[in-house]
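In: here is a sequence together with a model predicted from it:
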Amino acid sequence: MPLHITNKRLQEIVNKLHYVREYLERLVNDGYDIPSFYEKLDDSLKFVKRPNVLYPISEHVLIHVNALKESADGYMLYNVIEPPEPHPLLMNAVSKIFAIHAGAIKPPTEYQEKFVLLDEFLAKTCIKVNNYVDYNNALTKDKNKVYVNIDDFEYLKYHFIRKRIGLSLLEPFLTDPYLEDISIMGNGNVYVVHKLFGPLKSSIWLSNDDTEELMINMAEQMGKTISHARPVVDATLPEGSRINIVFGKDISRKGTNATIRRFASVPLSIAQVVNSNTMDAREAAYLWMMIDEGMNIFVCGETASGKTTTLMASCAFINPKWKIVSIEDTPELTLPQANWVSEVTRDTGNQQSSITMFDLLKAALRQRPNYILVGEIRGAEGNIAFQAMQTGHGVMSTFHAASVSSLIQRLTSEPINVAKTHVENLNIALFQSAVQGKQGKVVRRVLSINEIIGYNPAADSIMYIPVFNWDPGEDIALYRGKGSSALFATKLLVRRGLSKKDESLLYDELDMRASIIRHWISNKIFNYYDVYNHIVKVKELGLEKYMEKVGVRY
């Protein structure tokens with residue numbers, strides 16, 4: 001059946017890449033429509049219940065997300081359309097030549113330099129010809145070059161490079177900018193979580209042997225050792241994603257599995273967070289004022305609730321002249337401030353040579369930072385974090401807790417063991433969750449922002465005030481209004497040298513900052529670093545002069 005393609009760009013791709021044409025022909029022959037082609041996906045697609053979407057992620061790879069052929073378990077499908085494998089004799093011949101010369105090549109230290117090296121090797125080794133090549137007799141007389149059909153060369157290049165310095169068949173998943181999460185289940189399909197279409201089942205299927213071989217190779221590339229004696233590995237992939245590997249059937253019933261969390265090279269800005277309705281402009285303005293004064297804040301919620309995204313977006317509010325130290329198990333945080341020290345734990349399996357979060361937090365107290373950012377507080381390092389708060393250091397962190405009561409229970413119990421009387425050093429607890437949206441899609445929302453007031457010895461409890469709450473029926477943030485913030489009255493007025501009668505000025509400032517954030521959104525100022533530059537400009541000019549200069553309506 002002929003293809004009737006109306007999109008000019010898709011027609012160009014089909015004319016150039018025969019395997020894309022063949023894929024679409026199979027779809028049409030099975031009675032399905034040609035997918036809608038997008039050069040870039042837009043947020044409106046979130047509300048499409050049964051998508052049939054095709055988009056490119058590189059020059060030679062396209063992704064087809066579709067609900068045309070749902071799998072037996074109800075998942076929509078995520079199909080990778082990529083170059084076919086080159087002839088095995090061709091791949092073997094080029095691999096042998098590379099093996100002979102690899103010993104004389106100084107290995108590059110930079111990730112991108114490796115691509116350049118292999119690209120240059122293939123250009124020197126392959127003699128491209130237009131006619132048919134018999135790969136049984138493709139080697140030249142000196143055995144250092146090989147004849148390659150010009151069409152086969154691109155397929156060879158794609159698979160040769162990704163096999164040696166990429167991540168093999170996972171490479172397309174790590175190239176797709178719209179993926180949040182990749183799950184390798186041992187024996188079975190690879191599953192993904194898409195930013196627009198949610199959970200999807202990919203067409204890639206791995207056996208237990210495939211998965212084990214892939215994980216061992218990946219661990220070697222990252223300089224990690226994985227084995228039955230050391231079966232759990234946390235690491236960062238070269239492009240910045242975070243991977244957790246659990247190795248072997250003895251501890252994972254379905255066999256070796258892995259989960260990869262994707263992180264954008266440029267974080268989401270606070271304008272994007274507000275624009276997505278995760279929080280509203282007044283909540284963001286409140287955080288702006290509090291972080292600008294060095295308040296201690298925990299961003300709390302369950303896994304995949306968007307805690308790290310909210311934390312990074314909020315970190316742009318930290319005074320640009322302050323010193324920041326971040327402490328993480330695996331590096332996820334990206335900050336715009338120049339005076340930022342990023343420290344990462346080291347797990348060698350040896351207690352003497354390993355460096356824990358506890359060790360790094362103790363060291364951070366000697367580095368005189370204005371703010372200490374902890375990727376996630378889980379253990380004894382929590383006690384050190386509260387000591388840092390007591391000595392005047394600002395602390396921000398993510399934390400697994402669903403409510404103020406569960407937060408306090410975890411803080412005051414093993415292994416964190418913070419005394420109840422010390423919990424009041426935490427100023428703000430923000431709670432965030434992934435919830436069911438009105439369109440049936442999972443969305444992220446800030447459920448509440450709470451001020452920790454202090455310890456009540458009579459009731460042996462922690463007092464707190466919810467300044468903001470989320471109304472699930474209307475999908476809006478409810479604000480208690482003027483006079484609702486105890487921190488305004490007890491902290492900000494004192495730090496600014498103001499009296500009680502000036503408290504209304506703080507609420508006026510809150511509204512002004514919210515207007516500025518709405519101005520960024522209406523003028524499509526979304527890039528993380530652009531938003532940061534505007535925050536710096538507000539700091540330099542002052543609120544009123546900045547608003548006058550850029551034309552903010554208030």
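Out: Structure's in. What do you need? Numbers count the residues shown, from 1 in each chain.
In: contacts only, for residue 133.
Out: 90, 147-149, 152 (CB atoms under 8 Å, 6 or more residues apart in numbering). (Glycine included, C-beta is placed from N, CA and C.)
In: got the domain boundaries for this structure?
Out: 88-167, 270-484 (automatic domain parsing).
In: can you redo those domains as TSV with mean pLDDT and distance to residue 67?
Out: Below are those laid out as TSV (pLDDT from 0 to 100; distance: least, CB to CB, whole Å):
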stretch	mean pLDDT	distance to residue 67
domain 88-167	86	28
domain 270-484	93	13
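In: any idea which of these is most buried?
Out: Greatest average neighbour count among these goes to domain 270-484 (a mean of 18), per mean count of other CB atoms under 10 Å.
In: run the chain-centre distance for that one.
Out: Mean-position distance between domain 270-484 and its chain equals 17 Å (CA atoms, centre = their mean, to the nearest Å).
In: what about residue 335, which SS state?
Out: Look at residue 335: counting by DSSP: H, G, I helix; E, B strand; the rest coil, its state is coil.
In: contacting residues around it?
Out: 312, 315-316, 318, 324, 326, 373.
In: looking at the contacts of residue 133, spot the one nearest residue 9.
Out: When those are compared for distance to residue 9 (CB to CB), residue 152 wins out at 25.1 Å.
In: thought that closest one was touching residue 87?
Out: Yes - between residue 152 and residue 87 there is a contact at 6.8 Å, judged by CB atoms under 8 Å.
In: alpha carbons of stretch 67-79, as PDB, please.
Out: Presented in PDB, the C-alpha positions along stretch 67-79 are these (Å, rounded to 0.1, in the frame of the first residue of the first chain):
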ATOM      1  CA  ALA A  67      -1.900   3.600  21.400                       C
ATOM      2  CA  LEU A  68      -2.800   1.900  18.100                       C
ATOM      3  CA  LYS A  69      -1.500  -1.400  19.300                       C
ATOM      4  CA  GLU A  70      -1.700  -1.500  23.000                       C
ATOM      5  CA  SER A  71       0.200  -4.400  24.700                       C
ATOM      6  CA  ALA A  72      -1.700  -7.100  26.500                       C
ATOM      7  CA  ASP A  73      -0.900  -5.400  29.900                       C
ATOM      8  CA  GLY A  74      -2.600  -2.100  28.700                       C
ATOM      9  CA  TYR A  75       0.600  -0.100  28.100                       C
ATOM     10  CA  MET A  76       0.900   2.200  25.100                       C
ATOM     11  CA  LEU A  77       3.900   1.400  23.000                       C
ATOM     12  CA  TYR A  78       7.300   3.200  22.600                       C
ATOM     13  CA  ASN A  79       9.000   2.000  19.400                       C
END
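In: any idea of the mean pLDDT in it?
Out: Computed over stretch 67-79, the mean pLDDT rounds to 81.
In: can you give me the buried ones in that stretch?
Out: Buried residues in stretch 67-79, counting neighbours by 16 or more other CB atoms under 10 Å, are found at 67-68, 75-79.
In: CA atoms only: put stretch 391-398 into PDB for me.
Out: This file holds the C-alpha atoms of stretch 391-398, laid out as PDB (Å, rounded to 0.1, in the frame of the first residue of the first chain):
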ATOM      1  CA  THR A 391      25.200  27.300  63.900                       C
ATOM      2  CA  GLY A 392      23.700  29.700  61.400                       C
ATOM      3  CA  HIS A 393      24.200  27.800  58.100                       C
ATOM      4  CA  GLY A 394      21.200  27.700  55.800                       C
ATOM      5  CA  VAL A 395      20.300  24.100  54.800                       C
ATOM      6  CA  MET A 396      18.100  22.900  52.000                       C
ATOM      7  CA  SER A 397      17.400  19.200  51.300                       C
ATOM      8  CA  THR A 398      14.900  16.700  49.900                       C
END
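In: residues in contact with it?
Out: 291, 294-301, 307-308, 311, 314-315, 364-365, 369-377, 385-386, 388-389.
In: repeat that for stretch 176-186.
Out: So stretch 176-186 is contacted by 41, 57, 63, 170, 173-174, 190-196, 206, 208, 211, 214, 252, 254-262, 264, 304 (CB under 8 Å, 6+ apart).
In: now do the end-to-end distance for it.
Out: 22 Å (CA to CA, to the nearest Å).
In: what sits closest to residue 326 if chain neighbours are left out?
Out: Of all residues not flanking residue 326 in the chain, residue 373 sits nearest, at 4.1 Å (CB to CB, 6 or more residues apart in numbering).
In: please identify which helix or strand holds the one you found.
Out: strand 371-374 (DSSP states H and E).
In: neighbouring strands - and their directions - for that strand?
Out: Here strand 371-374 has these sheet partners by DSSP bridges: strand 324-328 (parallel), strand 394-399 (parallel).
In: hmm, who's touching that strand?
Out: Contacts for strand 371-374 (CB under 8 Å, 6+ apart): 294, 311, 315, 318, 322-328, 333, 335, 357, 361, 364, 381, 385, 388, 393-398.
In: next SSE downstream of it?
Out: helix 381-390.
In: outside of that following helix, which residues touch it?
Out: 296, 327, 356-358, 360-362, 364-365, 372, 374, 377, 395, 397, 411, 416-418, 422-423, 425-426.
In: got the angle for it vs strand 324-328?
Out: Interaxial angle of helix 381-390 relative to strand 324-328 (axes from the mean of the first three to the mean of the last three CA atoms, to 10 degrees): 170 degrees.
In: how many other residues sit next to residue 213?
Out: 14 (other CB atoms under 10 Å).
In: ok but it is inside a strand, no?
Out: No - looking at residue 213 with three-state DSSP, it is helix, so not inside a strand.
In: show me the contacts for it.
Out: So residue 213 contacts nothing (CB under 8 Å, 6+ apart).
In: that one and residue 256, how far apart?
Out: From residue 213 across to residue 256, the span is 9 Å (CB to CB, to the nearest Å).
In: could you do residue 58 as well?
Out: Counting by CB to CB, the gap from residue 58 to residue 256 is 28 Å.
In: neighbour count for the two, which is higher?
Out: More neighbours surround residue 256 than the other of residue 58 and residue 256, with 27 against 12 (other CB under 10 Å).
In: what's near enough to touch the more buried one?
Out: Contacts of residue 256 (CB under 8 Å, 6+ apart): 186, 208, 211-212, 215, 245-249.
In: in strands, which of those residues appear?
Out: 245-246 (DSSP state E).
In: out of the contacts of residue 256, which are buried?
Out: For those, buried by 16+ other CB under 10 Å: 186, 208, 211-212, 215, 245-248.
In: nearest to residue 520, out of those residues: which one, please.
Out: residue 245 (39.9 Å).
In: that closest one contacts residue 219, doesn't it?
Out: Yes - counting by CB under 8 Å, residue 219 is a contact partner of residue 245 at 6.8 Å.
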